[in-house]
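> next comes the sequence, and after it the predicted model I'd like to discuss.
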Amino acid sequence: MAVAFDKKRTSDFVTPQDKLLPADQQTTFILVQLSQDEFDEMQLHYAEIADAEAKTPGKVDPSMPRLRWAVRMALRGWKNFKMADGRDAPFNLDADGRPSDETLKLLHAQDLLSIFHEINKKESLTPAEAGKS
């Protein structure tokens, strides 16, 4: 049965590396599914990155901007994410309601990559689902 898209529906995600920790030490990232418009926006952004890379070969690493952009589109918050001194890490939004660059810079590359893979996994069809089309 197909289920209608609900932009307000969130899911909790714990990275594989945090799943190895006791529950009270795990960080939970709050994610939403991406809409068709957000996918279109991401594709336009990816094209801009590719253009910049083509103009200055070797000067732009296209992988990290793509990761950050996808995470920016889906990340809606976090729980139990701490600064080095133990304070809660701030989660700030830009005017468009998405995480600010400063907020995304708090994430380690490994966390960005884990969140990115989770986003892609949620947007992919399983072989069984693909066979129904």
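All right, it came through fine. Numbering: from 1, shown residues only.

> ok, residue 17 touching residue 110?
Yes. Here residue 17 lies in contact with residue 110, judged by CB atoms under 8 Å, at a distance of 6.8 Å. Where you see a C-beta, it was placed from the backbone N, CA and C, and this is true even at glycine.

> spit out the contact partners of the most centrally placed residue in the chain.
Taking CA atoms, centre = their mean, the centroid of the chain lies closest to residue 71, which sits 2.1 Å from it. For residue 71, the contact set (CB atoms under 8 Å, 6 or more residues apart in numbering) comprises 99, 104, 107, 112, 115, 116, 119.

> top of these by neighbour count?
residue 99 (24 neighbours; other CB atoms under 10 Å).

> quick one: that one from residue 71, how far?
Using CB to CB, to the nearest Å, we find residue 99 at a distance of 8 Å from residue 71.

> for the chain, what spans make up the strands?
Along the chain, counting by DSSP state E, strands occupy 10-13, 28-32, 75-79.

> the shortest one packs against which elements?
Just to be clear, that refers to strand 10-13. Judged by 3 or more CB pairs under 8 Å, 6 or more residues apart in numbering; DSSP states H and E, the packing partners of strand 10-13 are strand 28-32, helix 109-123.

> need those in TSV (columns: distance to residue 77).
Shown next, in TSV, are the helices and strands packed on strand 10-13 (distance: least, CB to CB, whole Å):
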stretch	distance to residue 77
strand 28-32	4
helix 109-123	12
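
> for stretch 56-71, the averaged confidence score.
For stretch 56-71, mean pLDDT is 71.

> low pLDDT regions in the chain?
5, 45-46, 49, 53, 57-64, 122-133 (pLDDT under 70).

> one step back: so which of the helices and strands packed on strand 10-13 is the most packed in?
strand 28-32 (a mean of 19; mean count of other CB atoms under 10 Å).

> parallel or antiparallel, list what pairs with that strand.
Strand 28-32 has the following strand partners under DSSP bridges: strand 10-13 (antiparallel), strand 75-79 (antiparallel).

> alright, calling it a day.
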